[in-house]
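>>> This is the structure alone, sequence omitted:
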């Protein structure tokens, strides 16, 4: 009964939502709501019996599951980076555990429930110990005159590592100390054209940056910043975090793209879990708890320390917020509990993905092992976890969902092909015809190709269904011997 | 996928809730930025009111459908 929740509450999705809320991303409010509504729509859109073999949708299902697994593996890569290791070491451990996922089938439901509790408890402790309700924390975050490094910040004390490559734009001048030797690229924008300088720094050497300068940082680089200076890349003030000045009607295509991708992806992922009646009501409650908890972590992190999002790590926020809010004695065990919650969500999600992939393609273990291996390789590609999630869900929405929505096998195949062609054409557009500053609607289409690919695939599937129903009404349904869900 | 009348209504309501968030966020003059008890209307809607309403709608639709 909780498989729909386990499929959806991927640790990467929960962590990215918290990170986007904490960072004050303009799209955070509707993505938070979309992350809840999408699986609820999928729960209510009851799955039909399998629509016959659809190898195109099966391939899309394998690709989508691989991308979602890769997004989850990035959490393990971040953990390894934070511990001073190489990202691949964390990914290897996570991949090895994922291959063993079928053995943990009975643990999936308890892991999901325990994971949700383990993430909610530290948040409740922060709320009670600081006597700060979430809305009060939001108000405080929104009233900050500037988002700056505090004296107690780990970035100021001992420095922190970047989990993935970053380009930091400085709003004020400050001295940055490199704690790992390497080449640091600075783009000075005080003159046209901008000046690019590569600085080879030894550990302990400093760079002096001026307002407007841009510093490129590689994965694993450890830097120390000055207390009282603005967090590079953060919103200019609490008001800018709260109201995101970039938000406006021009974001409509991107908003629709993100929401169509979430809903379309959820329809494909949740199609095999169409339960009914009282047992099915656990899933909406678990989904509400998961999404609300992620939002709460994001709000408290923004209020407590706006620099928690700087490293780009999906884990920093969960590990640093409890000690910051409650002190190390109470905070460190709670941070460990939150980390355990992420791992438990990962166990539930991996087992659910394994079952969904087997239902959509074939149950052979070698297929799952191949998806896990490919996902591990994908993490070597320097990609933002959100992009990976959107790639996986977008692929599912464009090619898998038309098959799920189709009334018959031929319609499903045609819908999957039409959706796939549209998805590939739009996603590949920036590589084929790069534009220096594409229009908002074109950028939205390339970032969220499912916005066009899903309706196109669905329309193609319905057209074929209608055509076959007109030609041969009684025989237009699916094969009774079909075994695949794709 | 086949969807009964009750579920279809519930899905329409859920999608309407999503559309409400986009409208509040992106409408000219930023109505979502209006503060209610210190928090913006957009965040009250997207993080509190609409999620609760969506969950109630989904639970009611699932319960009415029977086992």
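Received the coordinates, thanks. These figures come from a predicted structure and were not determined experimentally.
>>> what sits against the spatially most central residue of chain B?
The centroid of chain B falls nearest to residue B:17 when counting by Cα atoms, centre = their mean (2.7 Å). Counting by Cβ atoms under 8 Å, 6 or more residues apart in numbering or on different chains, residue B:17 makes contact with A:33, A:37, B:50, B:53-54, B:57. Bear in mind the C-beta positions are built from the backbone N, C-alpha and C, glycine included.
>>> right, and residue A:190 touches residue A:212 too?
Yes - with contact defined as Cβ atoms under 8 Å, residue A:190 counts as touching residue A:212 (6.1 Å).
>>> hang on, the earlier thing: any chance of the contacts of residue B:17 in JSON lines, with secondary structure, pLDDT and neighbour count too?
What follows is the contacts of residue B:17, written out as JSON lines (DSSP: H, G, I helix; E, B strand; the rest coil; pLDDT from 0 to 100; neighbours: other Cβ atoms under 10 Å in any protein chain shown):
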{"residue": "A:33", "secondary structure": "helix", "pLDDT": "97", "neighbour count": "29"}
{"residue": "A:37", "secondary structure": "helix", "pLDDT": "97", "neighbour count": "31"}
{"residue": "B:50", "secondary structure": "helix", "pLDDT": "97", "neighbour count": "24"}
{"residue": "B:53", "secondary structure": "helix", "pLDDT": "98", "neighbour count": "16"}
{"residue": "B:54", "secondary structure": "helix", "pLDDT": "97", "neighbour count": "25"}
{"residue": "B:57", "secondary structure": "helix", "pLDDT": "96", "neighbour count": "22"}
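>>> Relative to residue A:353, which of those is nearest.
When these are compared for distance to residue A:353 (Cβ to Cβ), residue A:37 wins out at 21.2 Å.
>>> Go through whichever helix or strand residue B:6 is part of and flag the buried ones.
Applying DSSP states H and E as the criterion places residue B:6 in helix B:5-26. By neighbour count on 16 or more other Cβ atoms under 10 Å in any protein chain shown, the buried set for helix B:5-26 is B:7, B:10-11, B:13-14, B:17-18, B:20-26.
>>> okay, who's weakest in those residues by pLDDT?
Least confident entry in the buried residues of helix B:5-26, by pLDDT: residue B:7, with 87.
>>> where does that one sit relative to chain A, distance-wise?
According to Cβ to the nearest Cβ, to the nearest Å, residue B:7 and chain A sit 5 Å apart.
>>> show me the residues around that residue that make contact.
A:44-46, B:61, B:65.
>>> now residue A:445
So residue A:445 contacts A:253, A:257, A:426, A:429, A:451-452 (Cβ under 8 Å, 6+ apart).
>>> Model confidence at it, what's the number?
88.
>>> that older thread, so of the contacts of residue B:17, which two are at opposite extremes in space?
A:33 and B:57 (13.0 Å).
>>> Tabulate the contacts of residue B:17 (TSV), appending distance to residue A:127.
What follows is the contacts of residue B:17, written out as TSV (distance: Cβ to Cβ, whole Å):
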residue	distance to residue A:127
A:33	22
A:37	25
B:50	22
B:53	23
B:54	23
B:57	27
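>>> Show me which of those is closest to residue A:456.
Nearest to residue A:456, judged by Cβ to Cβ, of the contacts of residue B:17 is residue A:37 at 22.7 Å.
>>> and that closest one, what is it in contact with?
Per Cβ under 8 Å, 6+ apart, neighbours of residue A:37: A:262-263, B:14-15, B:17-18, B:50, B:54.
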